[in-house]
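> I need the structure of the sequence given here:
(2 chains)
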Amino acid sequence: MKLGTKVRLSLGGLLVGLIAVAALFAPALSESDPSLMALAQRYSPPSLAHPFGLDQNGADVFAQVVYGARISLYVSVTVIAISVSIGLIVGSIAGYKGGWADQILMRFIDMLYAFPGFLLALALVAVLGPSVNNLILAMGVTSWTAYARLVRGEVLHLRTREYVMGAVAMGAGPVRILTRHIWPNLIGLVVVQATFGMAGTIITESGLSFLGLGAPPSVPTWGSLLNAGRRSLIEAPHISLFPGLAILCLVFGFNLLGDGLRDWLNPRR
Amino acid sequence: MTYLLRRLVMTLPVLFGVITMTFLLIHFVPGDPVDIMLGDQASAMDKQALRQELGLDQPLAAQYGNFWSGLLRLDLGRSMQSKRPVLEEVAERLPATVELTFAAMLLASLIGLPLGVIAAVRRRGWVDRLILFWGWLAMSTPGFFLGPMLILVFAIELDLFPVSERGGLEHLILPAVTLAWSLSSVLMQTTRASMIEVAKEDYLNTARAKGASPFRVWFKHALGNALMPIITVLGLQFGALLTGTVIIETIYDWPGLGTLLFQGIQQRNYPLVQGCVLFTACIYVLVNVATDLAYAAANPKVRLS
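Numbers count the residues shown, from 1 in each chain, chains lettered A, B, ... in the order given. Predicted coordinates:
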């Protein structure tokens, strides 16, 4: 492994790992409940007791950032898991069966793809109403197509390989060929794409929450914190700064990780 | 010519799908959209009137037919709050969004292209690494974080620019920078990759042998030939910019399509939301087609295949 790849993988892994651990142990890390409020001390700047300060309701910003990491990670992991699963199945059918099945599936994907993803997610969340599940649904609907396209292309390419034809000759069925012979050879590409996908999904999720269209107001999210902080930029810039930095670190981490993985899994590039 | 025709014909089913999805949008509202739009206090008569106005009392097929016939007459329905035609409101807001989007594209090109060329020229050196690092960082900075931070530093602390709203050039700079930020990183990366490809070509050596200065070799001979993928990316990213405006316009109170759509969502003004979504999606589809055509015009290989 080249040094540059190693640096990117470890720095990316460190950033993502740190935030994931913080999210996992959120209750232990922040002694104050994120919904607990001290109205008298609202807008307090960072201090020892409250490292990220207090927000407009007197709630601890650190606790909200740590709990916000849970939402962001939960939503994006779920969205990516759903998208990869659908993409893997639809892409495999289209690529392996070919013919009319391929035509129908790909035209449908083209149609979804033609819709700007963020706009469709925004419109869907807007009509479905704010909830974490609706958020996942709206983002899942728009993001699986990229994986389906990727998988289809790879399946088309791999199924003409000699070892696959050998397996066909030996009487293996399509399911066995796909799962045993084709998927293992395209999983690297999918992992790379999914890692970049995590970065994009976190930005979309936070963006929708920022507009007040993501999780309901009772759930602390990075986006809704940033939105609240926007109204008190002068008195309390820390309300915006820390959740923003958290998004930046996590997205940056996933981008570095994706780039490092791409070089590592595909050194020809 | 045949390519042009084929590409245009291929667009029709896509546009058809986009329009159908926009039509279906209001039917995804859980429960009765009329109840949600008017609230609990509304009288049964008001509800019935709205239901009739929106055609929701008719069977789905009839509604779909009406939607199309309205569309062909350029009638996107009426906004619920202002009672004005949706198309009129959209048209009113369009110039502001176009201004912002083009300013961002220009700015992103002015930042991304030179940085990409410099990174490619200094490939694997520390300048390249620095530029690449900036690129990753810029790509990871969401506009809804960058925007408030720019406002805090440049509008509030340094008082160099106004905080919000549309006006002269000084109003345009902060929103355009926010919108252009991650695009400039994408352009830098595309330019760098494309330049590195082109750098292998012999004609650069020819130019050098003829005594052209390094600046001329890289910025004229190499960049000129590396431009195709950059233009494609620029075209594809136009759609991302267009939808990115929803957030950026909200931050800066910019009176464009994005804020109109956001208002519509907040007021549960579904006809307005439908109109904005439809309009933006159609622009997006058409820009993508235009990008493909521009690519084909410049590259005969595409036309033949």
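> Any residues of the stretch 1-150 of chain A in contact with chain B? List them.
A:107, A:110-112, A:114-120, A:122-124, A:126-129 (CB under 8 Å from any CB of the partner chain). (Glycine included, C-beta is placed from N, CA and C.)
> Name only those of these that count as buried.
Using 16 or more other CB atoms under 10 Å in any protein chain shown as the burial test, the residues of the stretch 1-150 of chain A next to chain B include A:111-112, A:114-120, A:122-124, A:126-128 as buried.
> By pLDDT, give me the weakest of the residues you listed.
The member of these with the lowest pLDDT is A:A114, at 76.
> residues in contact with that residue?
By CB atoms under 8 Å, 6 or more residues apart in numbering or on different chains, A:A114 lies in contact with B:14-15, B:17-18, B:281, B:284-285, B:288.
> Neighbour-wise, give me the winner out of the residues you listed.
Using other CB atoms under 10 Å in any protein chain shown as the neighbour criterion, B:A281 leads those with 26 neighbours.
> Can you tell me the SS state at that one?
Following DSSP: H, G, I helix; E, B strand; the rest coil, B:A281 is assigned to helix.
> Tell me if I'm right that it and A:F118 touch.
No - counting by CB atoms under 8 Å, B:A281 sits too far from A:F118 to count as a contact (11.3 Å).
> Show me which helix runs longest in the chain.
Went with chain A since none was named. helix A:61-97 (DSSP state H).
> I was after chain B.
Determined from DSSP H, the single longest helix within chain B is helix B:86-121.
> Could you list the buried residues of that one?
B:86-87, B:89-90, B:93, B:96-97, B:99-101, B:103-105, B:107-109, B:111-113, B:115-121.
> chain center to it: distance?
Its chain's average C-alpha position is 8 Å from that of helix B:86-121, according to CA atoms, centre = their mean, to the nearest Å.
> now chain A, which segments are flagged as low pLDDT?
Chain A contains residues with pLDDT under 70 at A:31-40, A:267-269.
> try 50
Low-confidence regions of chain A, defined here as pLDDT under 50, cover residues A:269.
> Pick out the residue nearest the middle of it.
A:M198 (2.7 Å; CA atoms, centre = their mean).
> Please name the nearest non-neighbouring residue to that one.
A:F254 (4.5 Å; CB to CB, 6 or more residues apart in numbering or on different chains).
> and that neighbour, what is it in contact with?
A:F254 touches A:12, A:16, A:195-196, A:198-199, A:202, counting by CB under 8 Å, 6+ apart.
> and what of A:A228?
A:55-56, A:239.
> What strand or helix carries residue 243?
Going with chain A. Here A:P243 sits within helix A:238-265, counting by DSSP states H and E.
> wrong one, chain B
helix B:223-252.
> Show me which residues of the stretch 151-269 of chain A are close to chain B?
So far as CB under 8 Å from any CB goes, the stretch 151-269 of chain A lies against chain B at A:199, A:203, A:206-207, A:210-213, A:223, A:226-227, A:229-230, A:233-234, A:237, A:240-241, A:243-244, A:247-248, A:251-252, A:255-256, A:259.
> out of everything not next to it in sequence, what's closest to A:G212?
A:G212 sits nearest to A:N227 (CB to CB, 6+ apart), 6.6 Å away.
> Then B:S182?
B:M139 (5.3 Å).
> Burial check on the one you found, number of neighbours?
By other CB under 10 Å, 23 other residues sit near B:M139.
> Show the pLDDT at it.
At B:M139, the pLDDT value in this model is 92.
> OK, contacts around it?
Contacts for B:M139 (CB under 8 Å, 6+ apart) come out as A:255, B:182, B:185-186.
> Highest neighbour count among those residues?
Greatest neighbour count in the contacts of B:M139, by other CB under 10 Å, goes to B:S185: 25 neighbours.
> can you give me the helices in the stretch 101-250 of chain A?
Using DSSP state H, counting those that start in this stretch, the helices found in the stretch 101-250 of chain A span residues A:117-128, A:132-158, A:162-169, A:174-176, A:183-210, A:222-230, A:238-265.
> could these go into TSV alongside distance to B:S164?
What follows is the helices of the stretch 101-250 of chain A, written out as TSV (distance: least, CB to CB, whole Å):
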stretch	distance to B:S164
helix A:117-128	21
helix A:132-158	28
helix A:162-169	59
helix A:174-176	57
helix A:183-210	16
helix A:222-230	11
helix A:238-265	16
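> quick one, which of the ones you listed is packed in tightest?
Ranked by mean neighbour count under mean count of other CB atoms under 10 Å in any protein chain shown, the helices of the stretch 101-250 of chain A are led by helix A:222-230, which reaches a mean of 25.
> neighbours of A:S44, just the number please.
For A:S44, the neighbour count with other CB under 10 Å is 18.
> Please name the nearest non-neighbouring residue to it.
Spatial nearest neighbour of A:S44, excluding adjacent residues (CB to CB, 6+ apart): A:L54 at 4.3 Å.
> OK, contacts around that neighbour?
Counting by CB under 8 Å, 6+ apart, A:L54 touches A:38, A:41-44, A:60-61.
> what do you get for B:D35?
Taking CB under 8 Å, 6+ apart, we find B:D35 in contact with B:42, B:47.
> Please, which helix or strand holds it?
For B:D35, the element it lies in under DSSP H and E is helix B:33-38.
> Can you tell me which of the contacts of A:L54 are buried?
Applying 16+ other CB under 10 Å to the contacts of A:L54, the neighbour count classes A:42, A:44, A:60-61 as buried.
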